[in-house]
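Visitor: sequence first, then the predicted structure:
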Amino acid sequence: MIRRRFLALAASALLAGGCSASGVDVPEVAAAPPPLIPIEAFFYNRETNYDYKISPDGTRLGWIASAGGRLTVHWKRLGADEVGIVDTGSRRSLHSFEWAPDSRRVLYGQDRDGDENTHIFITDTEPPGAAPRDLTPFAGQRAFIQQTIRGGADHVLVGVNRPRTALADLYRVALATGERTHVAENPGDVLSWITDLDGAVRARIRRPAPEERVLERPAASGVGWERIIAMDLEEYAWPVGFTADRTGLWLRTNHRRDRYALVRLDLRSGRQTVAYEHPVVDVEGARVSARTGEPLLAVSVPGYPHVRFFDRNFEEDLAALRGRGPSGIRLLSLDDSEQLATVQVYRDRSDEFYLVNRQTHERTLLGRSAMAPYAEELAPIEPISLKSRDGLTLHGYLARPRGGGAPAPLVLLVHGGPWFRDYWGYSSTVQFLANRGYAVLQINYRASTGYGRAFVEAGVHQHSRAMHDDLIDGVRWAIAKGIADPRRVAIMGASYGGYATLVGLTFTPEVFACGVDLFGPSNLVSLLEARPAYWTWSFFQPYYRKYYGEVTQPDDRRRLESQSPLFRADRVQRPLLVIHGANDPNVRKQESDQMVEALRREGKDVEYFVLYDEGHGGFGNPTSAVQMFRVVERFLARHLGGRSGS
């Protein structure tokens, strides 16, 4: 699962459950709430623009924006005003793209109605109007761009998953003709290929056993592969770039560590040298110069984003963009000369996009996020931390609605995964809920990523147990702080967050006034038995066996059933809204069907809404998000007492 009451008890009774409070002051009562922002502004905004990227030769700029009722690629020549728009021939939105090496053509991935079988398409910006071509016309398989080649090459490297797996073969695909040449055949255990900017396969990560990974290089003899480092199930190595001489590989890895760090790996000796590590959290991202082979920056997110710059000139180029107050930096693209860069400066209420000329130090504003006009009406996002009942430090974020004072109705918004985390920054869901009058609490419960291996492993077999306790401790914290009205607390989330919602209403039904389950599983046994083949036989299988259990083992099966909300439908006390995508390949619609059927059989208050042209919440059709959140808005207003524009 992935890519979200309380009766009036005394605060002392709540704290007796083990949660200690810290760090957030109760806001003063505001004179009046802000204006109600239209739901379309959050989820179908015609002014949306993002993902600005400079072409490799530095002559063109591309970005994602709205056209014809969907998101697609826009582009123009630098210094010109005329804008071209890529017509994909599909009613589904694009959310990202890549410039082809020739700086003229555009590459993008797209699936059909949320089935996640992504194909890679190419389209030409000259002449305009040329129909996109499918470079990976393989039925029932998903593809991805492995490597764009520098220097104007007429081909790219594409990965295509082998049938029934997520293990990919590599192909060199000619941009002009679409002709495919096999570059690397997956023997059935290679999890990822590591290629350089020239398209050469320099290393690979292989899984020789279910709980073992090895990073290997081509043997010096030219035949076979040589092992460099061995890793266990919880360790991985994400490539960031190569040194200029290709003898060193920059990795973001937790090999023999609790947290991910930026490390230089000597491909000949296997020696690792730590370039940067954060004392509390993982290094979440890094960027290496293609010209010098040296790191430019590394990013961590302990609460607010933290950027460690390695290049002082680059730091000076970007420092003036950040201004006062918390902000984050994303380096979106560099041209081949690395003199032109596109940068996103992000905050909790708006984003800005800039073109930076590192030679002249000129900074050009390219665009502001579509919500910028509403920024003063949006809610600030505050990092928070608290202690769980068993002593773990839990981190998260809190948004408090403007106006109306405290305590306020609260939505506990649970992230998916569970191997994911919430981050600081703008969130359309969070800001939509805050604008409707709700405080929004996000807790990075145990099993969330970003806080080290031990924190993730604390979630083994803890579905509906300690993982859920962390969420309840967060609610107790918010009530004890005077932030949340204990009689008006909702739980809401997508994927694993949807499961957590069902757990909330079946395992702790007295806590929540209502719940919103988006694409969530109701029975862990049927979830695991229906896993897509490309999950079951690939990267994720050992994780599911470790963290969930093995459904074929009687003891595990009984435990999984005991952790499944489906079998506790009779315990639901409060209203529930269930939403699911009909084409969801990860959490099948059956999971919601069976839960709704069980609840209705018990005479419970449940609403069910199906998105017939969507999958697991990706919203290729932007009107789907508007439809979904309109239903959510009405439901929460009815049962939690917030505002509604519907």
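Guide: Yes, it's here. Residues are numbered from 1 along each chain as shown.
Visitor: centroid-wise, who is the farthest residue in this structure?
Guide: For the chain, the residue at maximal distance from the C-alpha centroid (Cα atoms, centre = their mean) is residue 221, at 41.0 Å.
Visitor: which residues are in contact with it?
Guide: For residue 221, the contact set (Cβ atoms under 8 Å, 6 or more residues apart in numbering) is empty. For the C-beta atoms, the positions are set from N, CA and C on the backbone; glycine is no exception.
Visitor: low-confidence stretches in this structure?
Guide: 1-31, 128-129, 163-164, 532-539, 618, 620 (pLDDT under 70).
Visitor: quick one: buried residues of the longest helix belonging to it?
Guide: Under DSSP state H, the helix in the chain containing the largest number of residues is helix 622-640. Neighbour-count burial for helix 622-640 flags 622-633, 635-637, 639-640 (criterion: 16 or more other Cβ atoms under 10 Å).
Visitor: phi, psi for the residue farthest from the centre of the chain please.
Guide: With angles defined as degrees, to the nearest 10, residue 221 shows backbone torsions of phi -70, psi -10.
Visitor: ok, now residue 389?
Guide: Dihedral pair for residue 389: phi -60, psi -20, per degrees, to the nearest 10.
Visitor: how close does it sit to residue 474?
Guide: Noted for residue 389: a distance of 11 Å to residue 474, by Cβ to Cβ, to the nearest Å.
Visitor: between the two, which is the more surrounded one?
Guide: Ranked by neighbour count (other Cβ atoms under 10 Å), residue 389 and residue 474 place residue 474 first, with 26 against 17.
Visitor: which non-adjacent residue is nearest that one?
Guide: Closest residue to residue 474 apart from its sequence neighbours, by Cβ to Cβ, 6 or more residues apart in numbering: residue 443 at 4.0 Å.
Visitor: determine the longest strand present in the protein.
Guide: Identified as the longest strand of the chain according to DSSP state E is strand 484-494.
Visitor: which element is residue 33 on?
Guide: Remark: residue 33 resides in no helix or strand, with elements defined by DSSP states H and E.
Visitor: tell me the SS of the residue lying closest to it once chain neighbours are set aside?
Guide: Taking Cβ to Cβ, 6+ apart as the measure, residue 33 lies nearest to residue 403, with 3.2 Å between them; neighbours along the chain are not counted. Three-state secondary structure (criterion: DSSP: H, G, I helix; E, B strand; the rest coil) places residue 403 in coil.
Visitor: so residue 403 touches residue 377, yeah?
Guide: No: using Cβ atoms under 8 Å, residue 403 is not in contact with residue 377; the gap is 9.8 Å.
Visitor: follow-up on the earlier one: hmm, who's touching the longest helix of the chain?
Guide: Counting contacts by Cβ under 8 Å, 6+ apart, the residues outside helix 622-640 that touch it are 39-40, 42-44, 69-71, 93, 409, 411, 429, 432-433, 436, 438, 488, 490, 492, 513-514, 516, 518, 574-575, 577, 579, 607, 609, 611, 613-614, 619, 642-646.
Visitor: out of these, which end up buried?
Guide: Of all the contacts of helix 622-640 considered here, the ones buried according to neighbour count by 16+ other Cβ under 10 Å are 39-40, 42-44, 70-71, 93, 409, 411, 429, 432-433, 436, 438, 488, 490, 492, 513-514, 516, 518, 574-575, 577, 579, 609, 611, 613-614, 619, 642.
Visitor: separation between residue 262 and residue 423?
Guide: From residue 262 across to residue 423, the span is 19 Å (Cβ to Cβ).
Visitor: neighbour-wise, which of those two wins?
Guide: Neighbours per residue, other Cβ under 10 Å: of residue 262 and residue 423, the larger number sits with residue 262, 26 against 17.
Visitor: need phi/psi at the more buried one.
Guide: When read as degrees, to the nearest 10, the backbone of residue 262 gives phi -90, psi 120.
Visitor: where along the protein do the helices fall?
Guide: Counting by DSSP H, the segments of the chain that form helices are 11-15, 39-43, 312-322, 428-435, 453-457, 466-480, 496-507, 524-529, 533-536, 541-547, 554-562, 589-601, 622-640.
Visitor: can you tell me which of those is most buried?
Guide: Ranked by mean neighbour count, the helices of the chain are led by helix 496-507 with a mean of 28 (mean count of other Cβ atoms under 10 Å).
Visitor: run through who's touching that helix.
Guide: Residues from elsewhere that reach helix 496-507 (Cβ under 8 Å, 6+ apart): 1-2, 4, 412-418, 463-464, 467-468, 471, 491-493, 511-512, 515-522, 563, 565, 568-569, 571-574, 576, 587, 595.
Visitor: return the members of these classed as buried.
Guide: 1-2, 4, 412-418, 463-464, 467-468, 471, 491-493, 511-512, 515-522, 563, 565, 568-569, 572, 574, 576, 587, 595.
Visitor: against residue 211, how distant is the closest residue to residue 347 other than its chain neighbours?
Guide: Closest residue to residue 347 in three dimensions, ignoring its sequence neighbours and counting by Cβ to Cβ, 6+ apart: residue 327, at 5.1 Å. From residue 327 across to residue 211, the span is 40 Å (Cβ to Cβ).
Visitor: show me which of these two is the more surrounded one.
Guide: Under the neighbour definition other Cβ under 10 Å, residue 327 and residue 211 were set side by side, and residue 327 has more, 19 against 13.
Visitor: just send the helices of the chain back as a markdown table, with distance to residue 284 too.
Guide: Conversion of these to a markdown table gives the following (distance: least, Cβ to Cβ, whole Å):
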| stretch | distance to residue 284 |
| --- | --- |
| helix 11-15 | 33 |
| helix 39-43 | 25 |
| helix 312-322 | 18 |
| helix 428-435 | 19 |
| helix 453-457 | 14 |
| helix 466-480 | 21 |
| helix 496-507 | 20 |
| helix 524-529 | 28 |
| helix 533-536 | 24 |
| helix 541-547 | 20 |
| helix 554-562 | 31 |
| helix 589-601 | 30 |
| helix 622-640 | 26 |
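Visitor: quick check: residue 250 touching residue 286?
Guide: Yes: here residue 250 reaches residue 286: they are 7.1 Å apart, a contact under Cβ under 8 Å.
Visitor: what residues are shared contacts of the two?
Guide: Going by Cβ under 8 Å, 6+ apart, residues that sit against residue 250 and also against residue 286 are 240, 262, 295.
Visitor: so what's the second one bridging to?
Guide: So the one you mean is residue 262. Taking DSSP bridges as the rule, residue 262 bridges to residue 252, residue 276.
Visitor: residue 152: which of the helices of the chain is closest?
Guide: With distances scored as Cβ to Cβ, the stretch of the helices of the chain nearest to residue 152 is helix 312-322 (25.0 Å).
Visitor: ok, and what's touching that closest one?
Guide: 296-297, 309, 329, 341, 343, 345, 352, 354, 356, 358, 361, 363.
Visitor: try 10 Å
Guide: If you take Cβ atoms under 10 Å, 6 or more residues apart in numbering as the criterion, helix 312-322 is touched by 287, 289, 296-297, 307-309, 311, 327-329, 331, 338, 341, 343-345, 347, 352, 354, 356-358, 361, 363, 365.
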